[in-house]
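[1] 3D model of this:
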Amino acid sequence: MDIMSNERKTEQVVRKHFEKFADDVIVEEQRSDNAKIQKLLSTASKSGERIGQPDFIIQYKHDPKFIIVIECKPETNKHESLTRDQYKDYAVDGVLLYASYLAKDYDVLSIAVSGQTAGQLKVSHFLQLKGETKTVLMFGNSLLPTDDYRTGYIQSPEKFRQDYDNLLDFARQLNENLHTHKIVESDRGLLLSCILIALENKGFAASYHTYTNPKQLADYLVLTVKNEFQNGKIDSAKLEILSSRFAFITTDTTLSKKDNVLRDVIGDVDSNIRDFIKTHEYFDVLGQLYVEFLRYANSDKGLGIVLTPPHITEFMASVAEVNRDSVIYDNCTGTGGFLVSAMKQMIADAEWDSATIRRIKQKQLIGVEYQAHIFSLACSNMFIHQDGKTNILNGSCFDEEIMEQVKKYHPTVGLLNPPYKGDKKRDTDEFEFILNNLECLEQGGRCVVIVPMQAALATNGKVYEFKKKVLQLHTLEAVFSMPNELFFNSKVNVVSCIMVFTAKRPHPKNKEVFFGYFKEDGFVKRKNKGRIDLFNEFKNRIKAEWMTLFMNRKTKPGLSITKAVTADDEWCAESYMETDYSTLTETAFAEKIKAYIAYKFLSGVEE
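    Okay, here's the model as predicted:
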């Protein structure tokens, strides 16, 4: 009897805490009025003989997918057993049992609470997502406001992975649907971006489903987007380009003439993509969906388009030490992935100060894109991230007039992935884009670029001459060898490296350059998902290790070394790095030989 009365004290502490948030949540005890929750708990008792009865069940009024379940114990020594299978006697054990049943239909935050006063309370939190058996410890050892719980859940790596998997599944379904309706590959990204922008308009979002005439809906969609761009103060020249690129929607046979096709596509995008964008701000959604479309057709491979994976655009922004005062320039903008990643880092550094964020979006993100349809995607992408005034220019980055426009913004950071040469004789060399970007940066600015490895290896010919020119004008700070299959998701076989330069300071004689052998990023290949950070290895460990080595110019066997080089040398870690022979096995040696042969083949390196 004493134990029960003591447990009531624990429950009272919990009850008093959550009563403060009655406007946001519904707090229930022992059972729920929600029939679905009760059904899930019907076989979840700790003894296996009756309906499970958690001490508290908490539902969010405005988020029906996420619930909290709480189990209390009066004594802290009954908080958690070593095996977590003593369901009746321990708080953690019991609450995880309930969560295992509720997670069949909900994302569940389990909270185990022990102790009888607020001062001595012991608290453990576990997140278990719908349909998964894995639980993740998070949030620390105290009860938090319900809004903090929801924010932490939404922003957790586990939730992002789940949402991103769902997004890619939808992208595949959408791509197949658009293929069935004969929407050409090059128009699919534009259609998607047009819909996303229109859905930002409250009137369109509320009324599109009422349109039964497909031509009227197509006209309304394009007109809404045009108005949104105008309201965002897009200049007339850009507006004309964007309007012409989106005009196909009003004339396409399927979209403008077949009943319900366009309306259903808009509805699917509304349901499956808008929430992701609002939840995971400053993630290059359009770029990643564009990659998914190209995984099927890859119609732009001949144009040299290789979209940089988001974890690499974010890593490069970190290498560039992007902050609230940086002015970013990407002279090969593509869909805008680098600008989105840089914006994310700048806004975080601004600590969400609204005036600083407004300045960042209006004046500190500069891009140039040559191809009109990709330019339209880039403008749309930035607009979707609440930026209608980003300075993205349509044209050649080598045009003197465009270069002068860019220089007026005094860019301090260059981030780019140049078009890769399809025709070695006629196409612009990657180094020409690097030199162009560096020319536009302020003196002392940092340029971080990802290019094919052969650009770093040349010791004769045209590329060698470019290497000499770069060092005559600028400083080479670092070169990172990237994973061989980094661009696996884009179906492009290119071995790449990242180069880091300081602008307009000639490379000092005998300066030591940092070389990183960053071949393992923790990503694994999974069917229908491509390369993914399944175990959060890059996010939680590898990125930090890479950054620590680079920032401190540390030498670590098997990972990094510093070496003074000239244009006559190969710019890659493999040529200079110390080998940690203590870990070398016959199998590993054979695998390295195979990898080297594959690398030479993919890179076009000749003896």
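[2] use CA for all of it now, contacts and neighbours both
    Will do.
[3] residue 465 - how many residues pack around it?
    Residues lying near residue 465 (other CA atoms under 10 Å) number 15.
[4] tell me how far it lies from residue 123.
    Separation of residue 465 from residue 123 (CA to CA, to the nearest Å) stands at 64 Å.
[5] show me this protein divided up by domain.
    The record's domain parsing of the chain by automatic domain parsing lists 2-154, 159-277, 301-574.
[6] now the longest one: mean pLDDT?
    Domain 301-574 carries an average pLDDT of 92.
[7] can you put the domains of the chain in CSV and add distance to residue 589?
    Shown next, in CSV, are the domains of the chain (distance: least, CA to CA, whole Å):
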stretch, distance to residue 589
domain 2-154, 36
domain 159-277, 34
domain 301-574, 13
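[8] for residue 287, which of the ones you listed is the nearest?
    Residue 287 sits nearest to domain 301-574 of all these, at 5.5 Å, using CA to CA.
[9] now do that closest one: distance to the chain's middle.
    16 Å (CA atoms, centre = their mean, to the nearest Å).
[10] ok, now stretch 139-150?
    25 Å.
[11] residue 492 falls within a strand, correct?
    No: per DSSP: H, G, I helix; E, B strand; the rest coil, residue 492 lies outside any strand segment and is coil.
[12] pLDDT on stretch 195-214, on average?
    For stretch 195-214, the mean pLDDT works out to 94.
[13] now it: how far from the chain's centre is it?
    Its chain's C-alpha centre and that of stretch 195-214 lie 27 Å apart, by CA atoms, centre = their mean.
[14] quick check, residue 442 in a helix?
    No: assessed with three-state DSSP, residue 442 is coil; it does not lie in a helix.
[15] now it. Nearest residue, chain neighbours left out?
    Excluding the flanking residues, the one nearest residue 442 by CA to CA, 6 or more residues apart in numbering is residue 412, at 5.5 Å.
[16] which ones are touching that neighbour?
    Residues in contact with residue 412 (CA atoms under 8 Å, 6 or more residues apart in numbering) are 326-329, 441-446.
[17] where's it relative to residue 552, distance?
    Between residue 412 and residue 552 the distance is 22 Å, computed by CA to CA.
[18] what does residue 259 give?
    61 Å.
[19] what about those two, which has more around it?
    Using other CA under 10 Å as the criterion, residue 259 and residue 552 rank with residue 259 on top: 15 against 9.
[20] part of a helix, is the more buried one?
    No: Residue 259 is assigned coil when assessed by three-state DSSP, not a helix.
[21] for it, grab phi and psi.
    Main-chain torsions, residue 259, degrees, to the nearest 10: phi -60, psi 130.
[22] for it, give me its contacts.
    212-214.
[23] now the strands for the stretch 1-150 of the chain?
    Secondary structure of the stretch 1-150 of the chain (DSSP state E, counting those that start in this stretch): strands at 25-28, 56-60, 63-73, 107-114, 122-128, 136-137.
[24] make CSV from those strands and add mean neighbour count, mean pLDDT and distance to residue 436 to it.
    Formatted as CSV, these follow (neighbours: other CA atoms under 10 Å; pLDDT from 0 to 100; distance: least, CA to CA, whole Å):
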stretch, mean neighbour count, mean pLDDT, distance to residue 436
strand 25-28, 18, 95, 55
strand 56-60, 20, 96, 52
strand 63-73, 22, 94, 49
strand 107-114, 26, 96, 49
strand 122-128, 23, 95, 48
strand 136-137, 12, 92, 47
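[25] just put the ones you listed in JSON lines and tack on distance to residue 568.
    Formatted as JSON lines, these follow (distance: least, CA to CA, whole Å):
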{"stretch": "strand 25-28", "distance to residue 568": "67"}
{"stretch": "strand 56-60", "distance to residue 568": "64"}
{"stretch": "strand 63-73", "distance to residue 568": "59"}
{"stretch": "strand 107-114", "distance to residue 568": "57"}
{"stretch": "strand 122-128", "distance to residue 568": "54"}
{"stretch": "strand 136-137", "distance to residue 568": "51"}
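[26] these: which one's closest to residue 381?
    Using CA to CA, the strands of the stretch 1-150 of the chain put strand 63-73 closest to residue 381, at 26.9 Å.
[27] partners of the closest one in the sheet?
    Under the criterion DSSP bridges, strand 63-73 sits next to strand 56-60 (antiparallel), strand 107-114 (parallel) in its sheet.
[28] count of residues packed around the closest residue to residue 281 other than its chain neighbours?
    Nearest-residue entry for residue 281: residue 385, 7.3 Å, with adjacent residues in sequence omitted and distances by CA to CA, 6+ apart. The local packing of residue 385 (other CA under 10 Å) involves 20 other residues.
[29] ok, residue 385 to residue 378 distance?
    11 Å.
[30] kindly report the same for residue 217.
    Distance of residue 217 to residue 378, given as CA to CA: 24 Å.
[31] the more surrounded of the two?
    For the pair residue 217 and residue 378, the greater number of neighbours falls to residue 378 (28 against 24), based on other CA under 10 Å.
[32] can you confirm the more buried one is in a helix?
    Yes: counting by three-state DSSP, residue 378 is part of a helix.
[33] that one contacts residue 338, doesn't it?
    No: contact criterion CA atoms under 8 Å: residue 378 and residue 338 do not qualify, at 10.5 Å.
[34] and the contacts of residue 259, which is closest to residue 367?
    For the contacts of residue 259, the nearest to residue 367 is residue 214 (35.4 Å; CA to CA).
[35] number of nearby residues for residue 400?
    Residues near residue 400, counting by other CA under 10 Å: 10.
[36] cool, and residue 374?
    Neighbours around residue 374, by other CA under 10 Å: 21.
[37] got the contact list for it?
    334-335.
[38] pretty sure it sits in a strand.
    No: looking at residue 374 with three-state DSSP, it is helix, so not inside a strand.
[39] measure it to residue 462 for me?
    29 Å.
[40] and the helix or strand containing residue 195, what does it pack against?
    If you go by DSSP states H and E, residue 195 is part of helix 185-199. On a contact count with 3 or more CA pairs under 8 Å, 6 or more residues apart in numbering; DSSP states H and E, helix 185-199 meets helix 157-180, helix 202-207, helix 214-231, helix 236-246, helix 261-272, helix 285-294, helix 372-384.
[41] and that helix with helix 157-180, angle?
    Using axes from the mean of the first three to the mean of the last three CA atoms, to 10 degrees, the inter-axis angle of helix 185-199 relative to helix 157-180 is 120 degrees.
[42] which outside residues touch helix 185-199?
    175, 178-179, 204-205, 221-222, 224-225, 228, 245-246, 249, 266, 269-270, 274, 286, 289-290, 293-294, 297, 299, 373, 376-377, 380-381, 383-384.
[43] for it, buried residues please.
    For helix 185-199, burial by neighbour count (16 or more other CA atoms under 10 Å) applies to 185-186, 188-199.
[44] TSV for those residues, including distance to residue 483?
    Compiled in TSV, those are given as follows (distance: CA to CA, whole Å):
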residue	distance to residue 483
185	29
186	29
188	30
189	28
190	31
191	33
192	31
193	31
194	34
195	35
196	33
197	35
198	38
199	38
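[45] now do the contacts for residue 93.
    Going by CA under 8 Å, 6+ apart, residue 93 touches 80-81, 84-87.
[46] also residue 111?
    68-71, 92, 95, 123-126.
[47] got the residues you listed as CSV, with distance to residue 282 columns?
    Formatted as CSV, these follow (distance: CA to CA, whole Å):
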residue, distance to residue 282
68, 28
69, 31
70, 33
71, 37
92, 36
95, 35
123, 33
124, 31
125, 28
126, 27
